[in-house]
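Asker: okay, sequence plus prediction incoming.
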Amino acid sequence: MSERDCLQCGESQAAIRASQSARDPIFCGAVDYFGECEWEQERHRFRDWSDKELIEGWKVQPEHVDKYRRIMNGLGDTLIAKNQACGDSALNPVRIFSAADTTEQLKVRIDDKLSRLKRGNNAGEDVITDLIGYLVLLKIANRQEPE
Ligand SMILES: [Zn+2]
């Protein structure tokens, strides 16, 4: 995802502009498997909310803004570092034994983490952080290869 993709729907700014010029605008939202609207936003968004927008517009408690940003930034840094250490294997699997596509392999990893949580078999692991990481990678993979 480049800086010119909508932060909400993932469409590129170029595609959005072209659709608007053609008078067939791409709406900011997502549809489910059956074509039903899952969510929709009034506008595409190409930058993060400012603290002022969150506090005044969304009525987020000021002390929570910093908490969310610190947790999300920390998770982002951890995810980038872990994926880098694994040679980007989550988004570009080597496919020696498994020929499954990237999203399918990520779903297997997510199921495995959920299984460990369910069985209480997660000693020495931060399963919550790992799960969030795999879910973020799944979002990235879904944008790379739409199903
Ligand atoms: Zn959008």
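Answerer: Ah, there it is.

Asker: which helix in the chain has the most residues?
Answerer: The longest helix of the chain (DSSP state H) is helix 62-85.

Asker: starting at the chain centroid, how far to that one?
Answerer: The chain centre lies 13 Å from the centre of helix 62-85; the measure is C-alpha atoms, centre = their mean, to the nearest Å.

Asker: not counting its neighbours along the chain, what's nearest residue 58?
Answerer: Setting aside the residues directly before and after it, residue 58 is nearest to residue 49 in space (C-beta to C-beta, 6 or more residues apart in numbering), at 7.3 Å. Yep, even glycine has a C-beta here, placed from its N, CA and C like the rest.

Asker: now do the one you found, the pLDDT please.
Answerer: Here, the pLDDT recorded for residue 49 equals 89.

Asker: returning to what we had before: can you point out the buried residues in the longest helix of the chain?
Answerer: Across helix 62-85, burial judged by 16 or more other C-beta atoms under 10 Å covers 65, 79, 83.

Asker: tell me which element residue 115 is part of?
Answerer: Using DSSP states H and E, residue 115 falls within helix 102-119.

Asker: what residues sit buried inside that helix?
Answerer: Neighbour counts over helix 102-119 (16+ other C-beta under 10 Å) mark 102, 103, 105, 106, 109, 110, 113, 116 as buried.

Asker: so who does residue 14 touch?
Answerer: residue 4 (C-beta atoms under 8 Å, 6 or more residues apart in numbering).

Asker: below-threshold pLDDT in the chain: ranges please.
Answerer: For the chain, the stretches with pLDDT under 70 are 1-3, 145-147.

Asker: around the ion, pick out the residues from it.
Answerer: Residues of the chain lying near the ion by C-beta under 5 Å from the ion: 6, 8, 9, 28, 44.

Asker: please identify the helix or strand for the nearest residue to residue 25 once chain neighbours are set aside.
Answerer: Counting by C-beta to C-beta, 6+ apart, the nearest residue to residue 25 once its immediate chain neighbours are dropped is residue 19, at 5.1 Å. Using DSSP H and E, residue 19 falls within helix 13-21.

Asker: likewise residue 39?
Answerer: In the assignment (DSSP H and E), residue 39 maps to strand 37-41.

Asker: what packs against that strand?
Answerer: Counting contacts by 3 or more C-beta pairs under 8 Å, 6 or more residues apart in numbering; DSSP states H and E, strand 37-41 packs against strand 28-31.
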